[in-house]
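Undergrad: 3D, please:
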Amino acid sequence: MQDMDQVRFKYSMKNIPIPSMNAYKNRLVEKVESVIKRMRWKALYFLKSENGDDDLPYEEKFGFKTRKCPPQIADMISFEEDMLKMIEDIEFRKVNDKFQKLLSTDIQRMKKSDKMFVPADKTRNFYQISKQQYEKLMRENITKTYKKTNPSSYDEINMDAKRISSDLNLDDRMEIMAKREAFITLKDHKDNFAIILPVD
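TA: Now for the predicted structure:
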């Protein structure tokens, strides 16, 4: 019998807890800056076409967006200042909500726990298992399907991608291949689940 505890939350994992004041402000500034940047690009193209300066040759970029910042548009300065002033003047109020308190309590419980919370594959269950047991399960299931490779393979793939992006004139728009953590889910709908622990 595996050493684990079943945990079932009484709500969807898609629910969003109320962020801290600083986290909310940081995210709001990011989004406002993104909106202003997009508006500047639109205004720039509009002004160029209006002045007849849009006769530059078309260059295929395959949907990759530029990282360059558009120049400030004189007619938009007052609007941008007002947008940023709204963020400075934003006020927060305390929210007394039972559901948000429940979310906050569960998050704190997960942070303080010395065990991993592993989701089930097709149910809303979670299972608390030790870090060692989780790593063992993940290693066994990864090596069952995949073969370990040399770390230099990662660099070789990125170098190939860099060469291709340079040939297509996209090297200022593309990023290197990101490393992502592997994870598993438990198939608790299978027979003898607690004994054999099938995973995905």
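Undergrad: in the longest helix anywhere in the chain, what's buried?
TA: Counting residues, the longest helix found in the chain (DSSP state H) is helix 21-50. By neighbour count, and taking 16 or more other CB atoms under 10 Å as the criterion, the buried residues in helix 21-50 are 36, 39-41, 43. From N, CA and C alone the C-beta is placed, and that goes for glycine too.
Undergrad: and the average pLDDT for it is what?
TA: In this model, helix 21-50 has an average pLDDT of 89.
Undergrad: skipping adjacent residues, who's closest to Thr123 in space?
TA: Taking CB to CB, 6 or more residues apart in numbering, and ignoring the residues beside it in sequence, Thr123 has Asp188 as its nearest neighbour in space, at 5.9 Å.
Undergrad: residues contacting the one you found?
TA: With contact taken as CB atoms under 8 Å, 6 or more residues apart in numbering, Asp188 is in contact with 120-121, 123, 125, 127.
Undergrad: most neighbours, which of these?
TA: Ranked by the number of neighbours (other CB atoms under 10 Å), the contacts of Asp188 place Tyr127 first, at 23 neighbours.
Undergrad: in the protein, where is pLDDT below threshold?
TA: Counting by pLDDT under 70, the ranges of the chain that qualify are 1-2, 50-58, 191-200.
Undergrad: from Asn158, how far off is the residue positioned nearest the centre of the chain?
TA: For the chain, the residue lying nearest the average C-alpha position, counting by CA atoms, centre = their mean, turns out to be Arg180 (11.1 Å). Here Arg180 is placed at a distance of 14 Å from Asn158 (CB to CB, to the nearest Å).
Undergrad: mind listing what's buried in stretch 162-180?
TA: In stretch 162-180, counting by 16+ other CB under 10 Å, buried: 165, 170, 173-174.
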